[in-house]
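> got a sequence here, can you model it:
(chains A and B)
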Amino acid sequence: MTFCIHVPSDTTAKALGADRLTKLLAATANERKVDLSIKRNGTRALYWLEPLIEVETKQGRFGFGPVKEADIDSLFDAEFWHGDVVHPLALGLVEDIPYLKQQQRLTFARAGVIDPLSLADYQAKEGYRGLKNALAMDAQPLVDEIKASGLRGRGGAAFPTGIKWQTVLDAPAEQKYVVCNADEGDSGTFADRLVMECDPFMLIEGMTIAGLAVGATQGYIYLRSEYPLAFKTLHDAITIAYENNLLGAGILGSDKHFDLEVRLGAGAYICGEETSLLESLEGKRGLVRAKPPLPAIVGLFGQPTVVNNVLSLAAVPFILDKGAQAYADYGMGRSLGTLPFQLAGNVKQGGLVELAFGPTLRELMFDFGGGTRNGRPLKAVQVGGPLGAYLPESQWDTPLDYEAFAKEGAVLGHGGVVMFDDSVDMSEQARFSMEFCVAESCGKCTPCRIGSTRGVEVIDRIRSGENVDDNMTLLSDLCETMVDGSLCAMGGMTPFPVQSAMKHFKDDFIKRAASTTNAEEI
Amino acid sequence: MTTPRVVTWDPAIAQTIIEEFKSKPGALLPLLHAIQERFSYIPEEAVGLIATALKQTRAEIHGVISFYHHFRTKQPGRHVVELCRAEACQALGARRLEAYAKSMLGVDYHQTTPDNNITLEPVYCLGNCSCGPSVRVGDEIYADVDTQRFDELVDNLKTDRLEVQ
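From the prediction side, this is the model:
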């Protein structure tokens, strides 16, 4: 009898040794004459359990993890292929693990379940049903469906996706484009990567539907070069989609046409800003464009262009399959649907947590995350990437909702949550925010290009105890200038982490200054 | 672990690559990637050929190359080791790893060890943010890299032993 087991294959699982483990499992099975069929799934993104091996049984999939090479013999001794066996790494039914069970996985329903490059797996799990519905609809009702779902841009700006699509649909042009922003540069985020590595057809389907909705026949996925595995997976998936008449001319026997290509970025964080991204796609330096005109009117190669984040486009097949209302039933206030949060940094149970908007940050970090990895007290948490504010404990009860975060002077952004223990020096973090902006500013506007350099210098002076009060005032002024005077979010939001560090963790600046001054006096 | 092939400059090869890409819309980035993939950097000689093919000035091509961190204009060492410097890895000790790596290899960022084996580069996020600090060598990503694991990694690169994948 053949027993079927699954070993994850995403970047993190591989980085933790999943490939080597797969080879050893196969070799051991061969040696012990156990008939194992080893499949590679994506990942459930319960990262503290990776590599997480799953055994398929009639009752469901049983999990074992985190599996190290040294555990293989004992797993075979326990005959783990039967699933429900006694072993120190046995986790029971994977879908009953509370971390997973308590999520609302809409976008990530298939992640870790299917073989990412199996079209049959994708279709067996409701894949391409949305596109079939979309092919039977006219453009306007399609756009209306997205509007009714309440979907807002998941890249960070939270602009209503349906309104963006409407603008492109209404713009008359011979050629329009759909561009997927897969330049997921925010530290602490990996949800886009997971979509591309674990369920790439979902993104392809979402982009194809977007093309039908706005009348675009060409799509580009602008992918960061730091994601080599996602590049390969997308490339292979697109080839398979072409071979199966899901891309190209006459999609699924209709008269519709949509071509898709992946383009690699080249290590510039700023290219995640949509106008910079378009410049880069055109083969230029990634300099930010002034808006207006909006990319929806004058976008790629001067044509009307939908630019959406991976997660926005990945939400589209669900909406077209189950209907706008099914998506809008999740969430709170004006934040409808789900957001895949990513628990990162110093966290005990890191991974992907897809939730309807509404629970508090504290619930996310403790009920799911389990606190810090090293057990030290949690001190600060940065939400929304390197341009997001650091939140102190007094703000951890904020509900996960775009508007509630904005009220606190913070952003949800792309859903990245980076946790820091009490050993962190927040003046050092503030310095890094400015330093990052120095490295990544496109250089077009002065507040960002020069302001960030001055920011590093002023923070260095504060940290070395030089005219601390005056320099703190100067730093506040500088932050205001950058916020008000920068052309885009890079310079306009770099001050957020700095200001929040100054406001909530002022002691770190003062203490650091005092210790440096004392040291000099001695 | 991937060992980049050391390829010497060959204008005929470069021209073949240029011909393959030059008529794509927005050809320059894919073209530069293909050149760097082939030669491990973008040789000065290639800039003129690309400029001619795309009907742009050398200055424009140079401007694009210098804008992007990923593109190199000097031959790197046999292995490019990229350390993640971003916040999620900082929270797990990336600053300590960074200091250790620099002192252990005796180089700063963008520099190559005297034996021409390792070029050290910073990188801002590899998307492995729950299991940092993260390091990339070639197309392989490594998780939970503390100083000891970094030693092992570098050791493997020195002896050029191929890991069983």
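> CA atoms for contacts and neighbours, from now on please.
Will do.
> specify the local secondary structure of the residue nearest to A:Gln104 when sequence neighbours are not counted.
Spatially, and ignoring its direct neighbours in sequence, A:Gln104 is nearest to A:Leu355 (5.1 Å; CA to CA, 6 or more residues apart in numbering or on different chains). Assigned by DSSP: H, G, I helix; E, B strand; the rest coil, the conformation of A:Leu355 is strand.
> verify the contact between A:Leu355 and A:Phe341 for me.
Yes. Using CA atoms under 8 Å, A:Leu355 is in contact with A:Phe341, at 7.3 Å.
> which one's more surrounded, those two?
Each of A:Leu355 and A:Phe341 has its neighbours counted (other CA atoms under 10 Å in any protein chain shown); A:Phe341 has more, 27 against 21.
> quick check, the more buried one in a strand?
Yes. Looking at A:Phe341 with three-state DSSP, it is inside a strand.
> spit out the contact partners of it.
Each residue near A:Phe341 by CA atoms under 8 Å, 6 or more residues apart in numbering or on different chains is listed here: A:Ala191, A:Leu352, A:Val353, A:Glu354, A:Leu355, A:His414, A:Gly415, A:Gly416, A:Val417.
> residues in contact with the helix or strand containing the second one?
A:Leu352 belongs to strand A:351-356 when elements are defined using DSSP states H and E. In this structure, residues lying in contact with strand A:351-356 by CA under 8 Å, 6+ apart are A:44-48, A:99-100, A:103-106, A:108, A:191, A:330-332, A:336-344, A:368, B:130.
> among these, which are located in strands?
A:Gly331, A:Met332, A:Leu336, A:Thr338, A:Leu339, A:Pro340, A:Phe341, A:Gln342, A:Leu343, A:Ala344 (DSSP state E).
> gap between the last one and A:Asp397?
Using CA to CA, to the nearest Å, A:Ala344 is found at 19 Å from A:Asp397.
> one more: the first one?
The gap separating A:Gly331 from A:Asp397 is 17 Å, by CA to CA.
> hang on, B:Ala91 packs against A:Gly345?
Yes. Checked against CA under 8 Å, the pair B:Ala91 and A:Gly345 is within contact range at 5.2 Å.
> overlap in contacts of these two?
A:Val418, A:Met419, A:Phe420.
> buried ones only from these, please, as a PyMOL command.
Applying 16 or more other CA atoms under 10 Å in any protein chain shown to the shared contacts of B:Ala91 and A:Gly345, the buried members can be selected in PyMOL as follows:
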select buried, chain A and resi 418+419+420
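> kindly reformat the shared contacts of B:Ala91 and A:Gly345 as TSV and extend each row with secondary structure.
Shown next, in TSV, are the shared contacts of B:Ala91 and A:Gly345 (three-state DSSP):
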residue	secondary structure
A:Val418	strand
A:Met419	strand
A:Phe420	strand
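> same for chain B: which of the shared contacts of B:Ala91 and A:Gly345 are within range?
Taking CA under 8 Å from any CA of the partner chain as the test, chain B is in contact with A:Val418, A:Met419, A:Phe420 out of those.
> now residue 118: phi and psi?
If you meant another chain, say so; for now it's chain A. phi -100, psi 110 (degrees, to the nearest 10).
> please refer instead to chain B.
phi -130, psi 130.
> contacts only, for A:Ser427.
Neighbouring residues of A:Ser427 by CA under 8 Å, 6+ apart: A:Ile459, A:Arg463, A:Ala501, A:Met502, A:Asp508, A:Phe509, A:Arg512.
> now do 10 Å
Residues near A:Ser427 by CA atoms under 10 Å, 6 or more residues apart in numbering or on different chains: A:433, A:459-460, A:462-463, A:498, A:501-502, A:505-513.
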